[in-house]
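# please find the sequence and the predicted model below.
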Protein chains: 2
Amino acid sequence: MARMSDIIEEFIKQLINETDGVIEIQRNELASYFKCVPSQINYVIDTRFTTERGYYVESRRGGGGHIRIKRVNVDRPGNYLMHIVSSMGDSISQQSAEVFINNFVDYEVISEREGLLLKAATSDKVLGGIGIPDRDIIRASILKNMLTALLV
Amino acid sequence: MARMSDIIEEFIKQLINETDGVIEIQRNELASYFKCVPSQINYVIDTRFTTERGYYVESRRGGGGHIRIKRVNVDRPGNYLMHIVSSMGDSISQQSAEVFINNFVDYEVISEREGLLLKAATSDKVLGGIGIPDRDIIRASILKNMLTALLV
DNA sequence: TATATATGAAAGTCAAAGATAGTCAAAATC
DNA sequence: GATTTTGACTATCTTTGACTTTCATATATA
């Protein structure tokens, strides 16, 4: 069965596209539209519209409250990559690595094929043999080294 | 009696044929269809749908989770890559990896940027922390997984 | 009038319950 | 002896709901 969260995510992304990068939604309204509990909207926003993925979220409670989601602009791909690389920690899980990579592809900072290469090089499929703290450290190192190579 | 794993393997392959190279299955569903334990599906995938055999596997847990299996394109320019991948050993030094990669770029099987990514991911700069002989094993694994990803 | 308080309308938090898939090693089979 | 089958245990992701916080406005009070 399709995940409700994915459907809501797509819906919101489409809204953002149609409105040139910024939307304002009402949590309860959206929840009742999708017949889910309001907190699921929070879940979708917390997991899918994060800073890492290039979104900026603000909200206000009380009467007339709302949630505003803004898609961050990427003008200079090189700068963007450099910025991400330097803000990246020394350890990274497969999950976060994938989020970063998908984002690069979304923003057309790298091609889809390059995205596949990055994912292939950082997946647990190949790093699984390494024990747990080391694995994420090496993954971060591989990811950063690859991204840096693209800046040359 | 025929081996259950072989039957499941055939079943999955047929599915892949019918769907143009990519399928998404649910582990529990498939297991209950074949009246086997779920982990047997993992066994089949781990032993039969490997990189060496030209498959690319991803998965996701949790509600609405799934396992996605892609069959790599064995025709076309990939043929050469595929051949190399399956003939490559389980362990490879940095120098040998570089020779391979340079050849791929020379023969225009991959782009220069892709070559840079491959080198960045397999260099001792990032894998140096891993002791010999594990280092060369992981390098081979990364290299093969990356090349396979390009065939998808 | 100016300020304090009450009320209702949002959104936020967090943890439990549910739904999948992964791992690993013992047991069974070939 | 190697491969396959099984199952107990683990990890990860999603859904749900009870409870909390914040804000705007209406109402009461000094």
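Right, received. Where do you want to start?

# lowest average confidence, helix or strand, in chain A?
Least confident helix or strand of chain A, by mean pLDDT, DSSP states H and E, is helix A:77-87 with a mean of 84.

# can you tell if it touches chain B?
No. Contact of helix A:77-87 with chain B (CB under 8 Å from any CB of the partner chain) is absent, the minimum separation being 12.0 Å. Where C-beta positions appear, they are placed from N, C-alpha and C, glycine not excepted.

# which residues does the helix or strand just after that helix contact?
Following helix A:77-87 in sequence order, the next helix or strand is helix A:94-106 (DSSP states H and E). Contacting residues not belonging to helix A:94-106 are listed as A:50, A:52-54, A:81, A:84, A:88, A:92, A:110-112, A:114-115, A:118-119, A:122-124, A:127, A:139-140, A:143 [CB atoms under 8 Å, 6 or more residues apart in numbering or on different chains].

# ok, stretch A:43-50 next?
A:5, A:8-9, A:12, A:55, A:57, A:67, A:69, A:99.

# which of those are close to DNA strand C?
When contact is defined as CB under 7 Å from any atom of the strand, the contacts of stretch A:43-50 meet DNA strand C at A:I67.

# drop anything exposed from the contacts of stretch A:43-50.
Neighbour-count burial (16 or more other CB atoms under 10 Å in any protein chain shown) is assigned, among these, to A:5, A:8-9, A:12, A:55, A:67, A:69, A:99.

# B:I25: which of those residues is nearest?
Using CB to CB, A:S5 is the member of the buried ones among the contacts of stretch A:43-50 that lies nearest B:I25, at 20.5 Å.

# got a pLDDT number for that closest one?
In the prediction, the pLDDT value recorded for A:S5 is 98.

# skip the chain neighbours and tell me the closest residue to it.
Counting by CB to CB, 6 or more residues apart in numbering or on different chains, A:S5 lies nearest to A:V44, which is 5.1 Å off, once chain neighbours are set aside.

# neighbours around the one you found, how many?
A:V44 sits with 22 neighbouring residues when counted by other CB atoms under 10 Å in any protein chain shown.
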